[in-house]
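> give me a 3D structure for the following:
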Amino acid sequence: MDYVIAFLILIGVLVIVHELGHFLFAKLFGVRVEIFSVGFGPSILNKQMGETQYRISLIPLGGYVKLYGEEDNTSDPRAFSSKSPIQKILIAFAGPLFNFLFAILVISLLWMYGMDVPSYELEKPIVGYVVENSLASRMGVKEGDLIVEVNSRPVKTWQDVRKVYMQALTDKEIELKVLRGSEVISLKGAKVGLNESLGVEPLIPPVVGHVLKGSPAYDAGIRPMDVVLEINDVPVRTWQDIVRTMSKVQDQVVNLKIKRGQEVYEKTVVAKKDPKTGRYILGIAPDIKTVKIRKGPIDALYTGVERTYELSVLTLKSIAGMITGKVPLRDSLGGPLTIAQLAGESIQQSYTAFLNMMVLISINLALINLLPLPVLDGGLILLFVLEGIRRRPMPERFKEIWYKIGIALVALLTLLALTNDLMRFLRH
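Okay, the predicted model is just below:
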C-alpha cells in the first residue's frame, strides 16, 4: 500500500506541475482552457470553475489540458488555432519548463532547509575501494591512493571529485593525478560507457545503517547498527568487502555472522536475485555518518540549477544511448511498476530521498516530452516550427498521419516499458 500511495503522490504532483505550465501559458496568451485533467480516461471527480472543468480521471498515468480550438481551425481570438506559431511553441514548451523549474525549486528548498551530506564527502579523497572492471581499475587506481587532480583540476574532497567528474561527462578520456606514498602518479583512461562512473569509493565500515522493509535481511532479523563480521565464513573488514563477497555468492542461502552490541549472532538469509545484475542481494545499506548543511537562498538556487543541469545531462546521455543501442532498452526503460517501486523504496528511506526521486522523475518527464515525436510536446513544437517556416498551417492530411505515427510510437514504447516491468517482476 505504501508503494501505491507513494506512486500516486509522485505522479499526481508531477502531472499537475507539467499541465499547470501548459495551463498558465495558455491563459497568458488568452486561450480558453476547457479541461484540466489529472489522469486519463473516464472522469471520477470533476468540478466546473469558470470556463474550465477540472478533473481527476481513472487512469493515473498522466494528464492533459484541452484547449479551445486545438483541433479545429478557427479565427476566434480565444482559440489556440488563432495564435501565432511562437505562442503555440511557448504553450507546448511550458509543460517541460515547469518540470525543470519544479526540480530547481525542490533542490533549492531542500538545501535551504538543510541536507544531510555524508561526512566523507567533506573529507580527503583517499580511495578505500576500487570497483572491479571500473574505469578507475582500468586506469590503475589502487586502494590507499589520494586523488589530487581530475582532468588537471585540483580536488580536496570527495565532493570535489564528484563535481569535477560530473563536469567531465562529455570528455572521452579522464586523467587522474594520485598521491601514492610520496610519489604523484598520473593515470589516464578512456571511458567506454555513456554514464560510466569513475568506480572509486571511500573506505566504509561494515555497519548496517538501513534495512529495507520486507527484504531478505529484514525477514532474517538484521537490524540497523548490526556489524557484519563474516559472510559464508569469509571475514569482512569494510562495507566494500560485503559488496565484493556478495557479488561472488552463488547460492540463495547466505550465512551471516553479525555483532550486535557485545553479542555475536549467526543469521541465515534467503537472498533475492537482483534482476538487473543477476547477483544475490540482502536489502541492506551502510551506516553513513552525515552532517547537515544549510545554504542561503542564492547558494541554494545556484545548487538547484547546477544539479538540475547535471541530472539533465545524465538523462540525455541515457536517452541517446537507448536510441543508438548502446544502452539496452531492457535495462533502462521502465514503466509504472518500476516507478512505483522506486517511489516506495525512496519514501521508506526518507522524505528527502522521496523528494530527490521526484526531482529525477520530473527531469526525465521534461526531457522525454521534449523529444521531437508526434503527440509529445517536442513533436508539437517541431510541428509549430514547420508552420512558422511555411507561414501557414500544415495540411490536415499531414497532421493526421503525423499523429497516427506518434500514437503508434508511444503505444510501442508503453508496451515495451510494461513488458520490462513484468519481466522484472517475474524475475523477482
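> quick one: contacts for the nearest residue to V38 once chain neighbours are set aside?
Leaving aside its chain neighbours, V38 sits nearest to G63 (4.7 Å; criterion: Cβ to Cβ, 6 or more residues apart in numbering). Every residue, glycine included, has its C-beta placed from N, CA and C. The contact partners of G63, by Cβ atoms under 8 Å, 6 or more residues apart in numbering, come to V15, I16, H18, E19, F36, S37, V38, G39, F40, S57.
> excluding its backbone neighbours, what's nearest the third one?
Right, the one you point to is H18. Here the residue nearest H18, using Cβ to Cβ, 6+ apart, is G95, at 4.5 Å.
> isn't that neighbour up against E19?
Yes - shown here, G95 and E19 form a contact pair, counting by Cβ atoms under 8 Å, at 6.6 Å.
> neighbour count winner among the two?
Remark: of G95 and E19, G95 carries more neighbours, 27 against 21, as counted by other Cβ atoms under 10 Å.
> rewinding a little: gap between the residue nearest to V38 and F102?
14 Å (Cβ to Cβ, to the nearest Å).
> go on, A79?
Distance, A79 to F102, by Cβ to Cβ: 29 Å.
> quick one: contacts for the residue nearest to H18?
Contacts of G95 (Cβ under 8 Å, 6+ apart): H18, E19, G21, H22, A366, N369, D377.
> cutoff 10 Å now
Applying Cβ atoms under 10 Å, 6 or more residues apart in numbering, we find G95 in contact with 15, 17-23, 25, 63-65, 365-366, 369-370, 376-377, 380.
> equivalent analysis for F40, please.
Contacts of F40 (Cβ under 10 Å, 6+ apart): S57, L58, I59, P60, L61, G62, G63, Y64.
> most neighbours among those, please name it.
The most crowded member of the contacts of F40, judged by other Cβ under 10 Å, is G63 (26 neighbours).
> off-centre distance for the host helix or strand of it?
Using DSSP states H and E, G63 sits in strand 52-67. Remark: strand 52-67 is offset 25 Å from the chain centroid, using Cα atoms, centre = their mean, to the nearest Å.
> so where's the stretch 51-200 of the chain shaky on pLDDT?
169-171, 190-195 (pLDDT under 70).
> all helices of it, in order?
Assigned by DSSP state H, counting those that start in this stretch, the stretch 51-200 of the chain shows helices spanning 85-113, 135-139, 158-167.
> in the shortest one, which residues are buried?
Neighbour counts over helix 135-139 (16 or more other Cβ atoms under 10 Å) mark L135, A136, R138, M139 as buried.
> which member of these is positioned nearest S350?
A136 (29.2 Å; Cβ to Cβ).
> compute the number of surrounding residues for the residue nearest to that closest one when sequence neighbours are not counted.
The spatially closest residue to A136, leaving aside those adjacent along the chain, is G199, at 4.1 Å (Cβ to Cβ, 6+ apart). By other Cβ under 10 Å, the residues close to G199 number 19.
> quick check on G199: phi, psi?
Main-chain torsions, G199, degrees, to the nearest 10: phi 90, psi 30.
> likewise for the one 5 residues further on?
I204 adopts backbone torsions of phi -120, psi 130, taken as degrees, to the nearest 10.
> tell me the contacts of the residue nearest to it when sequence neighbours are not counted?
Distances taken as Cβ to Cβ, 6+ apart place W239 nearest to I204, at 3.9 Å, with adjacent residues excluded. Contacts for W239 (Cβ under 10 Å, 6+ apart) come out as 128-129, 201-209, 228, 284-288.
> equivalent analysis for Y120, please.
Going by Cβ under 10 Å, 6+ apart, Y120 touches I126, G128, T157, W158, Q159, E201, P202, L203, I204, I288, K289, T290.
> same check on V305?
Contacts of V305 (Cβ under 10 Å, 6+ apart): F100, A103, I104, I107, S108.
> please redo it, this time with the cut-off set to 6 Å
When contacts are counted by Cβ atoms under 6 Å, 6 or more residues apart in numbering, V305 touches I104.
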